[in-house]
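A.B. asks: okay, here's the prediction I keep looking at, along with the sequence it came from:
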Amino acid sequence: MFVKEFRVILPLTVEEYQVAQLYSVAEASKNETGGGEGIEVLKNEPFENHPLLGDEYSKGQYTYKIYHLKSKVPAFIRLLAPEGSLEMHEEAWNAYPYCRTIISNPGYMKENFYITIESLHVLDNGESENAHRLTGEKLNMREVVTIDIANDTVKPADYKADEDPTKFKSEKTGRGPLQGPQWWKKVRCLSSPK
């Protein structure tokens, strides 16, 4: 087991990010579903009395999805892949600003494979030392990776000028472009939009 914490500093409030996240998930689902391949949503229902972090975040939306990956891999892999190996199951408990997602492969790997992703959206500049409240061994094995959306290298094939945060300025919020090292010290979102 390993524990990796990614800290992604964004020029958004927690509330603004929630809207962006909902839009992104809806777009991804729309683009990846169809023809029996893509994303199959088996459950999408409210949950409550299911605390996710300590005794907090006990109410939200539960989803259970299956990702069908056969059409996403080269033909020779489809021929070699054992039955069930190209289906990933995802269970997610979204109690925004906290979300827990568990990805597994029960059709092939059974209980031998799972990935747990815990996301917590906080209003800070990546300074929360232990936002996930890890204890003991997990805290000691944790590796922190800070992702700088303005200065980290982007592969040329992935670069889109109209999505470049070093060039974009929001007319609505007045934020951006994000420039210079530690740009987040100049672009603080200290309160929610009214």
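C.D. replies: Okay, I see it.
A.B. asks: contacting residues around stretch 1-14?
C.D. replies: Identification of contacts with stretch 1-14 by Cβ atoms under 8 Å, 6 or more residues apart in numbering yields 17, 20, 97, 121-123, 125-126, 132, 134, 138, 141-149, 165, 173, 175-176, 178, 184, 187, 189, 191-193. All C-beta atoms are positioned from the backbone trio N, CA, C, and that covers glycine.
A.B. asks: out of these, which are inside helices?
C.D. replies: Among the contacts of stretch 1-14, the residues falling in helices (DSSP state H) are Y17, A20, K138, M141.
A.B. asks: so what's the second one up against?
C.D. replies: With contact taken as Cβ under 8 Å, 6+ apart, A20 is in contact with L12.
A.B. asks: so which residue is dead centre in this structure?
C.D. replies: Central residue of the chain (Cα atoms, centre = their mean): S119, 6.7 Å from the mean position.
A.B. asks: just to be sure, K65 is in a strand?
C.D. replies: Yes: counting by DSSP: H, G, I helix; E, B strand; the rest coil, one finds K65 located in a strand.
A.B. asks: what's the spacing between it and K155?
C.D. replies: 28 Å (Cβ to Cβ, to the nearest Å).
A.B. asks: what's opposite the residue nearest to the centre of the chain in the beta bridge?
C.D. replies: Beta bridges link S119 to C99 when assigned by DSSP bridges.
A.B. asks: what of I66?
C.D. replies: Bridge pairing for I66 - DSSP bridges - gives E40, H89.
A.B. asks: spit out the contact partners of it.
C.D. replies: I66 sits next to I39, E40, L42, E87, M88, H89, E90 when contact means Cβ under 8 Å, 6+ apart.
A.B. asks: just the buried residues from these, in ChimeraX please.
C.D. replies: Selection of the buried residues among those in ChimeraX, burial being defined by 16 or more other Cβ atoms under 10 Å:
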select :39,87,88,89,90
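A.B. asks: got the contacts of I66 as JSON lines, with pLDDT and distance to I9 columns?
C.D. replies: As requested, the contacts of I66 are exported to JSON lines (pLDDT from 0 to 100; distance: Cβ to Cβ, whole Å):
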{"residue": "I39", "pLDDT": "85", "distance to I9": "29"}
{"residue": "E40", "pLDDT": "90", "distance to I9": "34"}
{"residue": "L42", "pLDDT": "96", "distance to I9": "35"}
{"residue": "E87", "pLDDT": "94", "distance to I9": "35"}
{"residue": "M88", "pLDDT": "95", "distance to I9": "29"}
{"residue": "H89", "pLDDT": "97", "distance to I9": "31"}
{"residue": "E90", "pLDDT": "97", "distance to I9": "26"}
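A.B. asks: tell me which two of the contacts of I66 sit farthest apart.
C.D. replies: L42 and M88 (12.9 Å; Cβ to Cβ).
A.B. asks: shaky segments in this structure?
C.D. replies: The chain contains residues with pLDDT under 70 at 32-37, 188-194.
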